[in-house]
Each structure stands twice: as structure tokens, then as C-alpha cells.
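A.B. asks: structure for the following, please:
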Amino acid sequence: MRTEKKPAAADQRQQPLTNSKETLRESQASLYLGSLTRIIAACTETIDPSVTALDSKYALSTVSLIGMPGVGKSTVGVILAKLLGLDFLDTDLSIQAREQRSLQEILDSDGYLRLRDIEERVLLEVPIEMRVVATGGSVVYSDAAMQRLKRSGTVIYLAADIQTLKDRVATNPERGIASAAGLTFEDIYAERTPKYEHYADYSVTATNQNADEVAQTIGKILLAQND
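C.D. replies: Residues are numbered from 1 along each chain as shown. I've put the predicted structure just below:
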């Protein structure tokens, strides 16, 4: 009987560690969503009235946002989804929910190619119809994923100058950029920019516009596209 109790005791000792990790992930997600909500609330106070009725005019479809880390795809995506009356999908969050790990943890343990593979499978499997999709920066390495996004609707490249991107990424160095070791941010920017331009239906600059201005610019493009 004593030998049967020992594993149970070990399990009890290990349980707080599991709970601690889950609590940490929940806390990180809560902080992320809380920050995103505050940004969106501040931005949407200045939305152009001419775009507020966009959801009634836009032919329901998928809008996918691509671009470098730090360009603002998630923040713009939530605002744009509200304008269009669509659901919102953040593929980075979908990856983390599926893997029960952060992007950085996946990179650290499995490498950048594994992260790209997971990203591709998520984008090929999750529902994307009638959603604004904020993709990960490395989505353009998967032609299969990009072709699905393009078949489903409009692909928008959010562009920004490299210094703006570096400044934004510096505020969150553990954001999990899927790239080979030894590449500088400039290298990644130079490698990915032609890919973004290749797959995009439209490009919108995010350098000198805040998130709601970028969303409104995209909204006007979509309105013109549907006229």
C-alpha cells in the first residue's frame, strides 16, 4: 500500500507547477487582451463617420492582414472587424491555444521551421470565412496558406519603414519571430518585403497613421472595391 501512495503524492507535488504555468499563460493573455482593448477604445473614439456604416455596405468576405512583426496587424484587425461587422481571428493566438505554448517557447524548443509548419497547418484548418484575419509575419513562406487567404477574400499588406518596426518590436523582444538564427531584423525585412508585396492585393502604410486611421483607410479601399 505504501508503494501505491508515492506516485499520488508526487502528482500532488507536481500539480501546483502545472497550475502555475496555466495561470501564467492566462495572466499573459489577459494582459495582452487588456492592452489591446485600451488601444482600440482610444482609437475608435476618432473613427471617421463616413466609414461607420461600412458593415452594411461591404460584401461579406474575408480580409487578411499581412506584414512584418510590429506593424499592428492585431490592433488594426480588431478595429477593422468592428467596422466591417466581421469576426476577428489572430492566427498567433490560435497557434498558442493549439500548442499550449507561447510562440517564443515553440521557437526555443522546436525551432523556426517547426513554428512555420504549425502556422501553415493552422491557417489551412481553421475557419476563416467572413473574418478579419491577422496573420503571423512568416505566413508568406507558405504558398498554400496564402492561396487559401487569397481565394477567401482580400489580402492587405500593412507596410511600415524599418525604424518604426524596430522601435515597436523593441517593446516586446519575446514576440517569437520565425526566422533563422543569425539574421538581423534588417535581413528579415529585406527577405520578407518582396513576399508581402507579391501576395498583397493592396498595400497600406502604417508608418504615419494610428490604428484606427489604418483601419479606415482599408475600409475605404474595400468600399471602392465593391462599388
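A.B. asks: contacts and neighbour counts: CA atoms only from here.
C.D. replies: Fine.
A.B. asks: chain neighbours aside, what residue packs nearest to Thr91?
C.D. replies: On the basis of C-alpha to C-alpha, 6 or more residues apart in numbering, the spatially nearest residue to Thr91 that is not a chain neighbour turns out to be Thr135, at 5.3 Å.
A.B. asks: that neighbour touches Val63, doesn't it?
C.D. replies: No. Look at Thr135 against Val63 with C-alpha atoms under 8 Å: they stay out of range, at 10.6 Å.
A.B. asks: the two - which one has more neighbours?
C.D. replies: Neighbour tally, Thr135 and Val63, criterion other C-alpha atoms under 10 Å: the higher count belongs to Val63, 28 against 25.
A.B. asks: can you classify the more buried one by secondary structure?
C.D. replies: strand (DSSP: H, G, I helix; E, B strand; the rest coil).
A.B. asks: I'd guessed it sits against Ile156; true?
C.D. replies: Yes. Counting by C-alpha under 8 Å, Val63 touches Ile156, with 7.3 Å between them.
A.B. asks: return the backbone torsion pair for the closest residue to Ile66 other than its chain neighbours.
C.D. replies: Spatial nearest neighbour of Ile66, excluding adjacent residues (C-alpha to C-alpha, 6+ apart): Tyr157 at 4.9 Å. With angles defined as degrees, to the nearest 10, Tyr157 sits at phi -90, psi 120.
A.B. asks: stretch 121-133 spans what distance, first to last residue?
C.D. replies: For stretch 121-133, the first and last residues are 15 Å from each other (C-alpha to C-alpha, to the nearest Å).
A.B. asks: sorry, slip of the keys, the one I care about is stretch 146-162.
C.D. replies: The first residue of stretch 146-162 is 23 Å away from its last residue (C-alpha to C-alpha).
A.B. asks: re earlier: give the contact list for the residue nearest to Ile66.
C.D. replies: Applying C-alpha atoms under 8 Å, 6 or more residues apart in numbering, we find Tyr157 in contact with Leu65, Ile66, Gly67, Tyr196, Glu197, Ala200, Asp201, Tyr202, Ser203, Val204.
A.B. asks: so which of these are in helices?
C.D. replies: The helices, defined by DSSP state H, take in Tyr196, Glu197 from those.
A.B. asks: from the contacts of Tyr157, which would you call buried?
C.D. replies: Those of these that meet the buried threshold are Leu65, Ile66, Gly67, Tyr196, Glu197, Ala200, Ser203, Val204, by 16 or more other C-alpha atoms under 10 Å.
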